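**Student:** for reference, the sequence and a predicted model appear below.
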Amino acid sequence: MVETQFRFRTDEPVADPAVTAESFGEQTNAAAVRLESGDDARVLLPFLDRVRLVEVNFPSFGDGRGYSAARILREAGYAGELRAVGAVFVDQLGHLRRCGFDSFAPEHALDAIDAENAFNRWPDVYQATTDGRQPIWAKRHGTAESA
Amino acid sequence: MYKYDSYDQEMVDTRVEEFRDQTRRRIDGTLAEEQFRPLRLQNGLYLQLHAYMLRVAVPYGTLSSAQMRMLGDIADKYDRGYGHFTTRQNIQYNWIKLEDAPDILADLATVEMHAIQTSGNCIRNISSDQYAGAAADELIDPRPYAELLRQWSSFHPEFLHLPRKFKIAVIASKTDRAAMRLHDIGIEIVKNPNPENGAGEIGCAFYVGGGMGRTPMIAPLINPFVPLDQLITYAEACLRVYNRYGRRDNKYKARIKILVHELGKEEYTRQVDEEFAHLLTQGIEPPIAELERIIPFFADPPFEAGAADTVDLSDPDFALWVKNNTAAHKQPGYAIATISLKPVAGIPGDASGDQIRLMADLAKQYAFDELRVTHAQNIVLPHVRKADLYTLWQQLDAADLGTANLDTIGDIIACPGLDYCSLANARSIPVAQKIAARFAAQDRLDTIGELKLKISGCINACGHHHAGHIGILGVDRKGVENYQLSLGGSEGADTSLGQITGPGFSEDGVVDAVERATDVYLAKREDGERFLDTYRRIGMAPFKEAIYAPKLTNGEVANG
């Protein structure tokens, strides 16, 4: 298994191996699940009380389905670890983080300084997501930040 | 015009730094070309046949004279003294060095411009009506809504790796000048049609799933009225369904039009509605105060009340330009003037650095400092006092910018084609030049009247050939360039897709075929009919018969 290179959580990582989304419903003792890019993240919503780790696999740089999967889980209130695995590169990190990922296991380890720059690149953002950052429109109008 | 605040400026400056860093990593080898490619594309940088090409965004086609001047300076400083205005109301430079690209972006940022998302599989530059804010026939200026969408779509973290590129147009006039229904999302600002529920209130009609390319489709209406305070949320729902379910197995089937077509309009709409209902609970919509902040930037300029509404047309060349290249303005005493970038021997959409700076100066002097780029690759001065038209025209004419051929067969849309583009199968520019030369006589242009001819050098259809009254598609036929002709396309309120006439032609053959088609029109037209009207009335058969009839004067008709 590829190592987690960046993690923005303080809780103990889940040691259990991740099971497929398909089998997760039946494996009632499983706490870690892996979503492939074609999987519907919403199949996990009934089980959010026992999920502690969701790995979302990126088969290629250009396959953007995992960004939607992450937001869907966070919008449904999932608070466990959300890990981007596979074809994860420096220039995606900031956007993945905005969509709710809080750990990263790139298949090829990334340069630590480049990665830090990428995580901290954007001082402000135009859109509201569940990452808690105030979008520019909220700062302009003093609106309370979104959920 | 919209002005950046410190946040907007910071976003663009940050992007320049990000791209400078990416370019550094590419040049030092940390980034492989394969990884760099999608990154540079999202900054509008293509690797073409001879050099890098940089496409600069002109949001909703609107420019100030300072911005236009910068575009001219970039042409001289970093390119070979030319810029090429595109069918997405942008400008591109064809001879760029990779190491210069970050400096160009930095220069652009000083005049509130950028190249963000002008390429790549993301939401592209938002286009709009080039007469917005000036047209006599619009409901309201559509650009504030386009600006709201520009900000929402810039660096949207969820939608930077869509199945394919994504184009949005916003209009507010029934006379559609932006080919709205040939976009992935076409938004028309409308009054609420429902008398039960707030009739007359302003909102958005959403058309989703149009496009050109290999499989041209006209977008169906999926929601006749989205309230303004839900516009962003609804757009986000449309995009999320596409990002999750758009096809990624075949790039020719990856546009949203294929998803909408395969699911059916009803099922796609149902999925969007479901996602929309969920997203409404997420607080992602900017407050209406944000729209109210943007709207005043697009307020009318200080028009002179009681400006003379008549024009002295005693100079016949000027009279012709006024007839062909000006349009009705909402303000009495003013006109909308279009500068044709289609002189007979020129390259459609090209302008030199000097010409670009001259247009900037003229905009400052005569048009309240504003210019527009049209999707037909011309430049508009949106607010010109009728009393100034003659002086304006004289200065344009002296710089080879006074061609009076707007919307005629000389006003050809053409993609860069095989002369520049690495995707092209055939050249477009020489075909455009030969057709323009064949029909160069002004009386001939005037006799034929409105005829929109559009040329693409490959099936990606950047030259919009499907929407041409006459469309030409260049293909590669066993190593030889071959041109297919289609008739009857239109991009206006009566959008239709052209039908192929039959077997293709050689370069000279297609010029002859175009001439034969216009001959049929001239012989068969009834009072007041345009080429398109005659075609729609009499159908393909008479055209086909004439186009493929063997003719002794030249033997260019290919046998397909």
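**Tutor:** Structure received.
**Student:** please make it C-alpha for all contacts and neighbour counts, starting now.
**Tutor:** Noted.
**Student:** what sits up against the helix or strand hosting residue B:22?
**Tutor:** Using DSSP states H and E, residue B:22 sits in helix B:6-27. With contact meaning C-alpha atoms under 8 Å, 6 or more residues apart in numbering or on different chains, helix B:6-27 is reached by A:121-122, A:124-125, A:136, B:31-33, B:36, B:39-40, B:43, B:98-99, B:102, B:105-106, B:109, B:112-114, B:116.
**Student:** for residue 67, give me the pLDDT.
**Tutor:** Reading this off chain A. pLDDT for residue A:67: 98.
**Student:** wait, I meant chain B there
**Tutor:** In this model, residue B:67 carries a pLDDT of 98.
**Student:** repeat for the one 5 residues further on
**Tutor:** At residue B:72 the predicted local confidence, pLDDT, stands at 98.
**Student:** and it, its phi and psi?
**Tutor:** The phi/psi pair for residue B:72 (degrees, to the nearest 10) reads phi -70, psi -40.
**Student:** quick check: it touching residue B:357?
**Tutor:** Yes - assessed by C-alpha atoms under 8 Å, residue B:72 is found in contact with residue B:357 at 5.6 Å.
**Student:** please say which of those two ends up with more neighbours.
**Tutor:** More neighbours surround residue B:72 than the other of residue B:72 and residue B:357, with 25 against 21 (other C-alpha atoms under 10 Å in any protein chain shown).
**Student:** state the distance from the more buried one to chain A.
**Tutor:** Here residue B:72 is placed at a distance of 30 Å from chain A (C-alpha to the nearest C-alpha, to the nearest Å).
**Student:** helices or strands up against the worst-scoring helix or strand of chain A on mean pLDDT?
**Tutor:** Between all helices and strands in chain A, the lowest mean by mean pLDDT, DSSP states H and E belongs to helix A:21-24, at a mean of 90. Helices and strands touching helix A:21-24, as assessed by 3 or more C-alpha pairs under 8 Å, 6 or more residues apart in numbering or on different chains; DSSP states H and E, comprise strand A:32-35.
**Student:** need the contact list for the residue nearest the centre of chain B.
**Tutor:** Central residue check for chain B by C-alpha atoms, centre = their mean: the C-alpha nearest the mean position is that of residue B:375, 2.7 Å away. Contacts of residue B:375 were listed using C-alpha under 8 Å, 6+ apart, and they are B:86-89, B:130, B:178.
**Student:** switch the cut-off to 7 Å
**Tutor:** Applying C-alpha atoms under 7 Å, 6 or more residues apart in numbering or on different chains, we find residue B:375 in contact with B:86-89, B:178.
**Student:** now, the residues you listed that are in helices?
**Tutor:** Nothing among those maps onto helices, per DSSP state H.
**Student:** export those residues as a markdown table, with columns for neighbour count and distance to residue B:61.
**Tutor:** Below are these laid out as a markdown table (neighbours: other C-alpha atoms under 10 Å in any protein chain shown; distance: C-alpha to C-alpha, whole Å):
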| residue | neighbour count | distance to residue B:61 |
| --- | --- | --- |
| B:86 | 26 | 10 |
| B:87 | 22 | 10 |
| B:88 | 26 | 8 |
| B:89 | 28 | 5 |
| B:178 | 28 | 10 |
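**Student:** among those residues, which one has the lowest pLDDT?
**Tutor:** Among the contacts of residue B:375, residue B:88 has the weakest pLDDT, 84.
**Student:** skip the chain neighbours and tell me the closest residue to that one.
**Tutor:** residue B:375 (5.4 Å; C-alpha to C-alpha, 6 or more residues apart in numbering or on different chains).
**Student:** on the three-state scheme, the one you found is what?
**Tutor:** coil (DSSP: H, G, I helix; E, B strand; the rest coil).
**Student:** list the contacts for the most centrally placed residue in chain A?
**Tutor:** Most central in chain A under C-alpha atoms, centre = their mean is residue A:101, positioned 2.2 Å from the mean C-alpha point. For residue A:101, the contact set (C-alpha under 7 Å, 6+ apart) comprises A:70, A:82-84.
**Student:** mind running it again at 10 Å?
**Tutor:** A:7-8, A:54-56, A:66-67, A:70-71, A:74, A:80-84, A:93-95, A:131 (C-alpha atoms under 10 Å, 6 or more residues apart in numbering or on different chains).
**Student:** wait, isn't residue B:303 in contact with residue B:383?
**Tutor:** Yes - in this structure, residue B:303 is within contact of residue B:383 by C-alpha atoms under 10 Å, at 8.6 Å.
**Student:** mutual contacts of these two, please.
**Tutor:** What both residue B:303 and residue B:383 touch, as defined by C-alpha under 10 Å, 6+ apart, is the set B:331, B:333-334, B:368.
**Student:** with respect to chain A, which of the residues you listed is nearest?
**Tutor:** Chain A has its nearest neighbour among these in residue B:368, at 28.3 Å by C-alpha to the nearest C-alpha.
**Student:** if we can go back for a sec, from the contacts of residue B:375, pick the one nearest residue B:473.
**Tutor:** residue B:87 (15.7 Å; C-alpha to C-alpha).
**Student:** fine, thanks again, bye for now.
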